[in-house]
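Asks: just need the structure, nothing else, for what follows:
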Amino acid sequence: MKNPYDWQRHQPARSIPRPDLSAVLECLSRGGGAFVLGGRGMGKSVFLRQVQEELARSPEVRALLFPAPPPELTVRACLEALARKLGVPFENIGDPYELLEDFLDRNSSVLQLVLIYDEFDGYAKSSGDPPGRAFFNSLEAARREDPRIAILTAGSIGVFLFRDVLGSDFLSRASRFLLRPFDPSESRELAAPLTGRRDPDPVPDDVLESLHLATGGHPALVTYGLQELW
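Replies: Model (predicted):
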């Protein structure tokens, strides 16, 4: 059997729902803006995929995930990436609102459009006024104008640079959700495929307790430890 804890490219086969998942989904269902804060290895990318998968259960919701900023961080590049995901012609459109309204007009069955941006810190990386700031300010204006649009982002300490130094219309209004380390019950839930194995013998409870203590419940470290135990 393939190791379910393989952490290549941040896509382990095994993951568990996080406590804030339902709260984030509720926020987005109201057409809100939200950002998920967490350090390296805290499972931000996994969490965003979980949100996308839950949203995909409804045929009336379209959730688009952007794993990273475009290589060339310009407003135009951000708009082109959005247009490609939406499947609408870009041409000379210079504002996200026009793209989003074009998509919603063409897809009347879509009652909720959720834009999910990972590595949000990357949009703030630039000398002077970063193009990512202008792009997300425009997205926020579109969200406030049309309740069918919702925005979710995830990042780490760079989020504070974006909010407190550069300024962000989106972040100033967005709800904040903090990814915390696993508690012992979550670590045990993640270990279920391992503890259920019969060959070799199931991992003893004290080994799992030691793993949790040694990692402090840090999701990436817990997953790596289970990968090695497997």
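Asks: okay, now the nearest residue to residue 40 once chain neighbours are set aside: neighbour count?
Replies: If you skip the residues right next to it in sequence, residue 40 has residue 156 as its closest partner in space, 6.5 Å away by C-beta to C-beta, 6 or more residues apart in numbering. The way it works is simple: take the backbone N, C-alpha and C, and place the C-beta from them, glycine included. Burial of residue 156 is recorded as 17 neighbouring residues (other C-beta atoms under 10 Å).
Asks: tell me how far residue 183 lies from residue 48.
Replies: 21 Å (C-beta to C-beta, to the nearest Å).
Asks: ok, now residue 181?
Replies: Computed with C-beta to C-beta, the distance linking residue 181 and residue 48 is 18 Å.
Asks: which residue of those two possesses the greater neighbour count?
Replies: In this comparison of residue 181 against residue 48, neighbours counted by other C-beta under 10 Å, the higher total goes to residue 48 at 23 against 18.
Asks: ok, now which ones touch the more buried one?
Replies: By C-beta atoms under 8 Å, 6 or more residues apart in numbering, the residues touching residue 48 are 36, 65, 116, 118, 152, 154.
Asks: so how far is the helix ranked longest in the chain off the chain centroid?
Replies: Of all segments of type helix in the chain, defined using DSSP state H, the longest is helix 131-145. Using C-alpha atoms, centre = their mean, to the nearest Å, we find the averaged C-alpha position of helix 131-145 to lie 18 Å away from the chain's own average C-alpha position.
Asks: and what of stretch 213-224?
Replies: That offset, for stretch 213-224, works out to 20 Å (C-alpha atoms, centre = their mean).
Asks: give me the residues contacting it.
Replies: So stretch 213-224 is in contact with 5, 7, 12, 14, 40-43, 46, 179, 181-184, 186-187, 190, 211-212, 225, going by C-beta under 8 Å, 6+ apart.
Asks: switch the cut-off to 7 Å
Replies: Outside stretch 213-224, the residues within contact range by C-beta atoms under 7 Å, 6 or more residues apart in numbering are 5, 7, 12, 41-43, 181-183, 187, 190, 211, 225.
Asks: tabulate those (TSV), appending secondary structure, distance to residue 58 and pLDDT.
Replies: As requested, the contacts of stretch 213-224 are arranged in TSV below (DSSP: H, G, I helix; E, B strand; the rest coil; distance: C-beta to C-beta, whole Å; pLDDT from 0 to 100):
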residue	secondary structure	distance to residue 58	pLDDT
5	coil	30	83
7	coil	30	66
12	coil	26	60
41	coil	31	87
42	coil	27	90
43	coil	24	89
181	coil	31	93
182	coil	28	93
183	coil	30	92
187	helix	31	89
190	helix	27	89
211	helix	37	90
225	helix	36	90
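Asks: tell me the two of the residues you listed that are most distant?
Replies: Using C-beta to C-beta, those span at most 20.5 Å, a distance reached by 7 and 183.
Asks: residues contacting residue 168?
Replies: Residue 168 makes contact with 133, 136, 162 under the criterion C-beta under 7 Å, 6+ apart.
Asks: what about the first one, distance to residue 16?
Replies: Right, the one you point to is residue 133. Per C-beta to C-beta, residue 133 is found 34 Å from residue 16.
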